[in-house]
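# Requesting a structural model of the entry that follows:
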Amino acid sequence: MLVLSQSLYTVDQKQFAIKFQLGEFIDAKTEAGLYFKVPLVQNIKFYDRRILTLDAPEPDRITTAEKKPLRVDFIAYWRIIDVRKYYQSVTGDEEAAKRRLAQTIRANLGAGDQQAHHPRDHLDPAQRHHERSATESRR
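Below is the predicted model:
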């Protein structure tokens, strides 16, 4: 009876599960349910499939296209879609995943020496004219 109870594990609908055998990744469970494992040889790690939050600990400094200093605070909502790739890329370490996400956001914000641009900077002149006309007509 004891061996049978240690052979079963449950994956909740809010979780992913990864099965390891002697420390090596062997399977990922993405559906909720009751599953089997070999006691003492296989172990299970669970990962949250809900939306996770990354809140910047302190605002970043960037320089705008007009050479004005700007402090940017951000919050990001993210979730694990492919638990196998997630584990392989950050070895299942949520803090490492948060650091990588924060680095990506900072790179896209233009942190450090790069410049931030307004979304309208990427519009062609006709689109800018159309946007200006629409804004003026609302006044």
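# what does the helix or strand where residue 4 lies rub up against?
Using DSSP states H and E, residue 4 sits within helix 2-7. Applying C-beta atoms under 8 Å, 6 or more residues apart in numbering, the external contacts of helix 2-7 come out as 36, 37, 38, 39, 40. Every residue, glycine included, has its C-beta placed from N, CA and C.
# if I look at the closest residue in space to the fourth one that isn't next to it in sequence, how far off is residue 42?
In space, not counting the residues next to it along the chain, residue 39 is nearest to residue 6; the distance is 4.0 Å by C-beta to C-beta, 6 or more residues apart in numbering. Separation of residue 6 from residue 42 (C-beta to C-beta, to the nearest Å) stands at 10 Å.
# What of residue 68?
Distance of residue 68 to residue 42, computed by C-beta to C-beta: 57 Å.
# which of the two has more neighbours?
In this comparison of residue 68 against residue 42, neighbours counted by other C-beta atoms under 10 Å, the higher total goes to residue 42 at 17 against 9.
# Show me what the closest residue to the more buried one other than its chain neighbours bridges to in the sheet.
Nearest residue to residue 42 in three dimensions, chain neighbours excluded: residue 21, at 4.9 Å (C-beta to C-beta, 6+ apart). For residue 21, the residues forming beta bridges with it (DSSP bridges) are residue 24, residue 42.
# isn't residue 21 right next to residue 40, touching?
No. Applying C-beta atoms under 8 Å as the test, residue 21 and residue 40 come out as separate, 10.6 Å apart.
# ok, the two, which is more surrounded?
The neighbour comparison of residue 21 against residue 40 (other C-beta under 10 Å) goes to residue 21, with 13 against 9.
# quick check: longest helix of the protein.
For the chain, the helix that runs over the most residues, judged by DSSP state H, is helix 94-109.
# next one: it to chain centre, how far?
Helix 94-109 sits 8 Å away from the centroid of its parent chain (C-alpha atoms, centre = their mean, to the nearest Å).
# what sits up against that helix?
Outside helix 94-109, the residues that reach it (C-beta under 8 Å, 6+ apart) are 52, 54, 56, 60, 62, 72, 74, 76, 78, 86, 89-90, 112, 116.
# Out of these, which comes closest to residue 28?
Taking C-beta to C-beta as the measure, residue 86 is the one of the contacts of helix 94-109 closest to residue 28, at 9.5 Å.
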